[in-house]
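# Okay, predicted coordinates and the sequence, questions at the end:
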Amino acid sequence: MTDLKSRTLYLVLLLVQLSGALFIILEGLPEFRHLMNYPGEQLPFERSDNLAAPVMIIAMQVAYWYRLRRVPLPPPRSNPILSHLFLFLGRLAFIFGGSLFGVVFFRHLPEIHQGADLWLMIRRGLQLIASLFALFCVTLELERLGRALGGNQ
C-alpha cells in the first residue's frame with residue numbers, strides 16, 4: 001500500500017471513529033440530562049429508539065480494529081500543537097464516558113423503580129457498555145495519534 005493510500009485510509013478510519021464518538025455524545029446528552037434530573041426513573045421507550053446507535057457503534061469498532069491490525073499510524077513527526085489537540089480530544093471522550101458511567105451506575109441504578117421494564121434495561125445496558133467501550137477505543141486511538149505527532153517531546 002502506498003504511503004498516500006495508507007494515510008488516506010487512516011484518515012477515513014479515524015473520521016469514522018470520531019463521527020461515531022460525536023454521535024454517541026450528542027445522542028446521549030438528552031438521556032444523560034434525564035438520568036441526572038430523575039434518578040431511578042426509566043427512560044421511556046420511544047419510536048426514535050432505532051438502530052442508528054448500534055450501527056454507529058459497530059462502524060466505530062470495525063474502523064478501530066481494522067486500523068489497529070492493518071493500517072499503520074502516520075509516521076512520527078513533531079507537531080506539538082496537533083499532538084496536544086488530539087491528546088485533549090482523547091481525554092474529553094474519556095471524561096464523557098466516565099461521567100456517563102458514574103451517573104448510570106452510581107446515581108441512577110441504585111434508585112431504579114420496581115416496575116422498570118427489565119428487557120429494556122438489559123438492551124440499553126448492553127448498548128451503554130458497547131458505547132463506553134467504543135469511546136474507550138477512540139480515546140486510545142487519539143492518544144496514539146497524539147503521541148505520534150508529539151515526536152520526541
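Perfect, thanks for sending it.
# Tell me which helix or strand the one residue sitting closest to the centre of the chain sits in.
In the chain, the residue lying closest to the centroid (C-alpha atoms, centre = their mean) is Leu135, at 2.3 Å. Using DSSP states H and E, Leu135 maps to helix 118-149.
# tally of neighbours for Leu140?
If you count neighbours by other C-beta atoms under 10 Å, Leu140 ends up with 15. (Each C-beta comes from the backbone N, C-alpha and C, glycine too.)
# wait, I meant Thr8
Using other C-beta under 10 Å, Thr8 is surrounded by 13 other residues.
# Let me know the next secondary structure element after the helix or strand hosting it.
Here Thr8 sits within helix 3-37, counting by DSSP H and E. Counting by DSSP H and E, the element after helix 3-37 in chain order, helix or strand, is helix 52-70.
# Report all helices and strands that that following helix contacts.
Packing partners of helix 52-70 (3 or more C-beta pairs under 8 Å, 6 or more residues apart in numbering; DSSP states H and E): helix 3-37, helix 118-149.
# got the buried residues for the longest one?
Neighbour-count burial for helix 3-37, with 16 or more other C-beta atoms under 10 Å as criterion, is recorded at 6-7, 9-10, 13-14, 16-18, 20-21, 23-25, 28, 32, 35.
# could you check the angle helix 52-70 makes with it?
Interaxial angle, helix 3-37 versus helix 52-70 (axes from the mean of the first three to the mean of the last three C-alpha atoms, to 10 degrees): 140 degrees.
# For helix 3-37, name the packing helices and strands.
Judged by 3+ C-beta pairs under 8 Å, 6+ apart, the packing partners of helix 3-37 are helix 52-70, helix 80-102, helix 118-149.
# what's the spacing between Pro39 and His108?
With distances taken as C-beta to C-beta, to the nearest Å, Pro39 is found 5 Å from His108.
# Mind checking which of the two has more residues around it?
Counted by other C-beta under 10 Å, Pro39 and His108 do not tie: His108 has more neighbours, with 19 against 16.
# check contacts around that one.
Residues near His108 by C-beta atoms under 8 Å, 6 or more residues apart in numbering: 35, 39-40.
# got CSV for these, with distance to Ala53 and pLDDT too?
Converted to CSV, the contacts of His108 look like this (distance: C-beta to C-beta, whole Å; pLDDT from 0 to 100):
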residue, distance to Ala53, pLDDT
Leu35, 16, 85
Pro39, 22, 86
Gly40, 23, 86
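# Appreciated, that's everything.
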